[in-house]
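Asks: Show me how the following folds:
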Amino acid sequence: MSLGFSVEELLPRARAGGVLKMGLSALGEAEWLHPAPDLPLRAAAFDAYPDSVQLLPEADEPADELAGMLGVAGGLEGAARSAWEDMCLLLPQADSGTYRLVGAAVAFPTDWHPRDKIGLPLAAIHAPIHGYAAQLARGVDHFMATLQPGRIFGRCNWFVSPAPALRWIADAPPERAFAHVTPANAGKTLFIRSERQTLRRLPQTGAILFTIGVYVAPLGTLSTASHARLMQALETLPADELGRRGAAHYAGALAGFCRNRAD
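Replies: Purely as a prediction, here's the structure:
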């Protein structure tokens, strides 16, 4: 099963609870980026939020390499404006080999600001994710160190948000953000957000490119299979991770809507 380009297609491949895993799928070149991006929407987001692009000096060369691969000008920002996917560049630190974020062009963030993450190593970037250090950090570091040029891998995740915006920065605590959600209206007031992420090594500079394609759908538009998947995940994710996602403030409404829909 390949990775699609919609919430409905991505949810079956996303984490449904249990131990953290990278959950990688090998992708062909034709599966790498969204085939029909809405470029005016991308341009509007970058124009409205100039700080969506953050670059360290060492990102210049790989950014130019990436733009050349895509046949565009403008370095990392030009590359990200030419595709649906946000794009991040990572390079290893000379002393430790640990990869850190050296460039980010992120029009549609999922509750993070590139300015807060630029320059950080992977462990620090993922510190808020419950279990990352113990369950996933070593495997991610090994994958990054051994990824070969020409190989493309993808993975996906999911979140529940109280808004349909592609650019989602939480501006209220979850108890307030989800206060309006009930089992009766959850189909229209809860939105399932999935990131389709890919990783590949640039052949000339050796930098790793991490892309993030964001897809959002109202809960009520998804299939009963997707509803069951979400309910299973909310029942099996660790308590700390559920807390990070604010699940206590929407899980009951989501489950109630899904059960009513299934009846």
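
Asks: Which residue would you name as the spatial centre of this structure?
Replies: When C-alpha atoms, centre = their mean is applied to the chain, the residue found nearest the centroid is E195 (3.6 Å).

Asks: okay, now R193: neighbour count?
Replies: 22 (other C-beta atoms under 10 Å). For every residue, glycine as well, the C-beta is placed using N, CA and C.

Asks: Quick check: phi and psi on it?
Replies: R193 adopts backbone torsions of phi -120, psi 130, taken as degrees, to the nearest 10.

Asks: Per-residue pLDDT of it, please?
Replies: Listed pLDDT for R193 reads 97.

Asks: Could you verify my assumption that the residue nearest to the centre of the chain touches N157?
Replies: Yes. At 5.3 Å, E195 counts as touching N157 under the criterion of C-beta atoms under 8 Å.

Asks: can you pull out the strands in the stretch 1-150 of the chain?
Replies: Ranges of strands within the stretch 1-150 of the chain are 25-27, 53-55, 86-92, 99-105, based on DSSP state E, counting those that start in this stretch.

Asks: could you dump those strands to JSON lines with mean pLDDT, distance to R201 and mean neighbour count?
Replies: JSON lines is the format used below for those (pLDDT from 0 to 100; distance: least, C-beta to C-beta, whole Å; neighbours: other C-beta atoms under 10 Å):
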{"stretch": "strand 25-27", "mean pLDDT": "94", "distance to R201": "14", "mean neighbour count": "14"}
{"stretch": "strand 53-55", "mean pLDDT": "98", "distance to R201": "19", "mean neighbour count": "20"}
{"stretch": "strand 86-92", "mean pLDDT": "97", "distance to R201": "10", "mean neighbour count": "24"}
{"stretch": "strand 99-105", "mean pLDDT": "97", "distance to R201": "11", "mean neighbour count": "24"}
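
Asks: Those strands into JSON lines, with extra columns for distance to P37?
Replies: Putting the strands of the stretch 1-150 of the chain into JSON lines (distance: least, C-beta to C-beta, whole Å) gives the following:
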{"stretch": "strand 25-27", "distance to P37": "17"}
{"stretch": "strand 53-55", "distance to P37": "17"}
{"stretch": "strand 86-92", "distance to P37": "11"}
{"stretch": "strand 99-105", "distance to P37": "14"}
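
Asks: ok, now how distant is the residue nearest to the centre of the chain from F5?
Replies: Distance from E195 to F5, counting by C-beta to C-beta, to the nearest Å: 12 Å.

Asks: now do R244
Replies: 26 Å.

Asks: Where does pLDDT dip in the stretch 51-200 of the chain?
Replies: Within the stretch 51-200 of the chain, the ranges that satisfy pLDDT under 70 run 127, 130-131, 133-134.

Asks: ok, L254 touching A233?
Replies: No. With contact defined as C-beta under 8 Å, L254 does not count as touching A233 (10.4 Å).

Asks: Just the C-alphas of stretch 13-30, formatted as CSV.
Replies: Extracted C-alpha coordinates of stretch 13-30, given in CSV (Å, rounded to 0.1, in the frame of the first residue of the first chain):
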residue,chain,number,x,y,z
ARG,A,13,-0.8,4.1,7.4
ALA,A,14,-0.6,6.4,10.5
ARG,A,15,0.1,5.4,14.1
ALA,A,16,-2.9,3.9,15.8
GLY,A,17,-1.3,3.7,19.3
GLY,A,18,1.4,1.6,20.9
VAL,A,19,5.2,2.0,20.7
LEU,A,20,6.5,4.8,18.5
LYS,A,21,7.8,3.6,15.1
MET,A,22,9.0,5.5,12.1
GLY,A,23,6.5,3.6,9.9
LEU,A,24,8.4,4.2,6.7
SER,A,25,7.3,3.2,3.2
ALA,A,26,9.6,3.2,0.2
LEU,A,27,8.4,5.6,-2.5
GLY,A,28,9.1,6.0,-6.2
GLU,A,29,10.1,9.3,-7.7
ALA,A,30,6.5,9.7,-9.1
